[in-house]
Every structure is written in structure tokens, then in C-alpha cells.
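**Q** No sequence on hand, only this structure:
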């Protein structure tokens with residue numbers, strides 16, 4: 001998926017992390033910048049993945065040396081993880097980091113989005129208790145005063161203004177009846193798929209909710225930019241508060257032809273939203289709490305860059 005972001009803010013990094021040496025110093029291909037943007041504070045793609053507080057990539061290096069293995073569930077040939085089954089391949093859950101998120105995240109995936117090209121699976125594997133993936137047209141029933149959609153538009157607000165807008169909406173919608181449940185969720189044998197994210201003790205859930213009240217969930221759309229319109233205009237999402245991110249540059253190696261580099265991969269959009277949420281909504285200094293969401297992404301980025309360098313494309 002690509003998310004169009006409209007403003008800019010540099011990300012402060014406290015110190016270098018467990019990134020491998022070649023990841024910290026390896027030159028990266030420069031992305032084209034938007035002609036309308038002249039800010040000197042924009043991060044270069046080669047700098048965005050530096051300074052992350054990541055778990056060691058040693059397990060991924062070992063897996064890469066072993067090569068592709070068959071997924072134990074579907075039998076598909078995979079490296080690192082199976083994007084079909086949302087499971088690790090050749091590794092155990094203890095081998096990769098687990099990230100606890102301050103808010104639940106739903107990802108609405110376009111049915112034509114190629115699983116192997118999507119970064120949404122990274123979020124599900126690394127934050128399994130907080131991330132749920134649905135395949136469109138399956139969309140849960142949302143309370144419009146407690147859920148936001150990260151998507152740009154004329155009515156979109158910044159993360160900084162999001163909580164105030166939700167509080168205002170909660171008063172406006174307090175007496176409105178809930179919408180009837182989506183028909184496709186009631187159809188027996190529906191092809192809708194989701195990866196459940198319900199877990200944690202009641203006390204943990206209560207603590208988490210009280211901290212971010214009234215926000216319950218954040219929705220992201222996972223598709224190419226040309227496919228987003230069908231989902232974003234779905235009537236079940238129309239009444240959700242839309243939130244836009246501040247300007248970032250994508251590092252994604254599958255850059256969409258003809259699209260600006262402010263169109264982010266799904267995992268990038270989730271990561272940057274959580275950073276802004278942590279600072280502006282939880283009012284806490286960001287210290288790398290969600291950096292490991294980029295555990296797979298940063299490693300794959302380094303692999304692609306090495307391949308481009310070897311081919312003389314960087």
C-alpha cells in the first residue's frame with residue numbers, strides 16, 4: 001500500500017542500534033524528491049533506516065544462507081516467513097522480536113494485492129497481538145467516534161489533532177445507533193480472511209484502553225495506490241476520521257512507477273504513525289519503542305541495495 005503524506009518532520013534518533021555494519025554505512029539509491037518540496041529537513045532514504053534500535057539480524061542472515069524452505073502449513077517455497085499463512089519459516093517466534101503497540105491496528109488488504117509484495121505481513125508477525133489483517137470486502141463494524149483511518153484527503157487531520165477531533169466526535173455520535181453488521185461477515189463460508197489480534201489479560205487491556213481513550217483502532221489500507229480508491233470510498237469507512245501523516249520519504253524498493261516518493265509502504269506508514277502517536281498523543285519522548293516493526297523491512301532493504309550495487313544500479 002502507499003499512503004500519501006503531506007508535510008515534513010525530521011526524526012530524531014538518540015543513538016545507533018544493532019544494525020549491521022553494512023546497513024549503517026552502505027550507500028543507498030537516492031529517491032526522486034517532489035518538486036513542490038524544498039525542505040532541508042526531509043530525510044534521505046539512505047538515512048531513514050539508520051539509528052534504529054533493532055534486534056540482531058543474525059537469525060535472518062543464517063536463514064538467508066540456508067535459502068528457501070517449504071512452509072509447514074501451505075508447502076510454499078518461502079524465505080524468512082510465509083506471506084500466505086502469516087507464519088515464520090525456518091525460525092521460531094523466539095528468534096524474532098515482538099513489538100507491543102499502544103493501539104490496535106487493522107489492515108484492510110485489497111484482494112488483488114500480491115501477498116509477496118505486501119509489507120503488511122511484517123506488522124502481523126512482529127506485533128501479532130495488536131495487528132489484524134482483513135481481505136476486502138471484509139471490513140469490521142467500526143464505531144466512528146473510536147476508530148480512525150490513516151488516509152490523506154481534504155478532511156484529514158494530523159496525528160497531533162486526532163485525539164481532540166475524536167473527543168469532539170464522541171459527543172456528536174453518542175446517541176447514534178450502531179450500524180448493522182456487514183453482510184459478508186454473516187454469510188456462511190465467506191472468503192473474508194482475518195488474522196485475529198485479541199490477546200492480553202483484562203487488566204492489560206484496561207490499562208491500554210485508558211491510556212489512549214477514546215481511540216480503539218487505527219485502520220490502514222494495504223494496496224497499490226491505484227487500488228486504494230475502491231476501499232477508501234467504501235461507505236463503511238466514509239464516516240471514520242481520516243488522519244494524514246507528516247511528510248516522509250519511502251525507502252521501499254518496489255517504488256510505484258509515476259508516483260512520488262512520499263507514497264509509503266504499509267509498514268512504513270504504520271511505523272511513522274506510531275512514532276507521531278507516541279510523541280503527540282501519549283506525550284512521551286520516542287526512544288525506539290516501535291523500531292523493531294522494521295526488523296524485516298530494514299534487512300530486506302539492505303539485501304536489495306547490495307543487489308543493486310552489484311548490478312551497478314546505485
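**A** Great, that's in hand. It should be emphasised that the depicted structure is a prediction, and the values quoted were computed from it without experimental measurement.
**Q** how deep is residue 282 tucked in, by neighbour count?
**A** Counted with other Cβ atoms under 10 Å, the burial measure for residue 282 works out to 16 neighbours. Every C-beta, even on glycine, is put in place using the N, C-alpha and C of the backbone.
**Q** Would you check that my belief about it contacting residue 102 is correct?
**A** Yes. In terms of Cβ atoms under 8 Å, residue 282 counts as a neighbour of residue 102; the distance is 6.2 Å.
**Q** Show me the strands in the stretch 51-200 of the chain, by range?
**A** When assigned using DSSP state E, counting those that start in this stretch, the strands of the stretch 51-200 of the chain occupy the ranges 69-70, 77-78, 81-82, 87-88, 104-109, 131-135, 147-150.
**Q** Please name every helix or strand in contact with the first one.
**A** Same thing as strand 69-70. strand 77-78 (3 or more Cβ pairs under 8 Å, 6 or more residues apart in numbering; DSSP states H and E).
**Q** Check the third one too.
**A** Taking 3+ Cβ pairs under 8 Å, 6+ apart as the contact definition, the neighbouring helices and strands of strand 81-82 are strand 87-88.
**Q** who touches the strand it packs on?
**A** Strand 87-88 is touched from outside by 71, 72, 73, 80, 81, 82, 95, 96, 125, with contacts defined as Cβ atoms under 8 Å, 6 or more residues apart in numbering.
**Q** who touches the closest residue to the fourth one other than its chain neighbours in this structure?
**A** When you say that, I think you mean residue 80. Counting by Cβ to Cβ, 6 or more residues apart in numbering, the nearest residue to residue 80 once its immediate chain neighbours are dropped is residue 63, at 5.7 Å. Residues in contact with residue 63, defined by Cβ under 8 Å, 6+ apart, are 79, 80, 89, 90, 91.
**Q** Return the distance of residue 63 relative to residue 95.
**A** 9 Å (Cβ to Cβ, to the nearest Å).
**Q** for residue 105, same thing?
**A** For residue 105, the distance to residue 95 - Cβ to Cβ - is 23 Å.
**Q** what's the burial count for residue 284?
**A** The local packing count at residue 284 equals 12, with neighbours defined by other Cβ under 10 Å.
**Q** unless I'm mixing things up, it is touching residue 278, no?
**A** Yes. The pair residue 284 and residue 278 qualifies as a contact (Cβ under 8 Å) at a distance of 5.8 Å.
**Q** So which of residue 105 and residue 95 has more stuff around it?
**A** Neighbours were counted for residue 105 and for residue 95 using other Cβ under 10 Å; residue 105 has more, 22 against 15.
**Q** correct me, but that one touches residue 218?
**A** Yes. Using Cβ under 8 Å, residue 105 is in contact with residue 218, at 5.2 Å.
**Q** quick one on the thing from earlier: of the strands of the stretch 51-200 of the chain, which is nearest residue 312?
**A** Ranking the strands of the stretch 51-200 of the chain by distance to residue 312, with Cβ to Cβ as the measure, places strand 77-78 first at 28.8 Å.
**Q** Just checking: what are the partner strands of the closest one?
**A** Strand pairing for strand 77-78, determined by DSSP bridges: strand 69-70 (antiparallel).
**Q** which residues sit against the strand it pairs with?
**A** Residues external to strand 69-70 that are found in contact with it (Cβ under 8 Å, 6+ apart): 76, 77, 78, 79, 89, 90.
**Q** at 10 Å instead, please
**A** When contacts are defined by Cβ atoms under 10 Å, 6 or more residues apart in numbering, strand 69-70 is touched by residues 63, 76, 77, 78, 79, 80, 82, 89, 90, 91.
**Q** out of the residues you listed, which is most surrounded?
**A** Using other Cβ under 10 Å as the neighbour criterion, residue 82 leads these with 24 neighbours.
**Q** Which residue is the nearest non-sequential neighbour of that residue?
**A** For residue 82, the spatially nearest residue (Cβ to Cβ, 6+ apart) is residue 71, at 3.9 Å.
**Q** do you know how far the one you found is from residue 227?
**A** Residue 71 is 26 Å from residue 227, by Cβ to Cβ.
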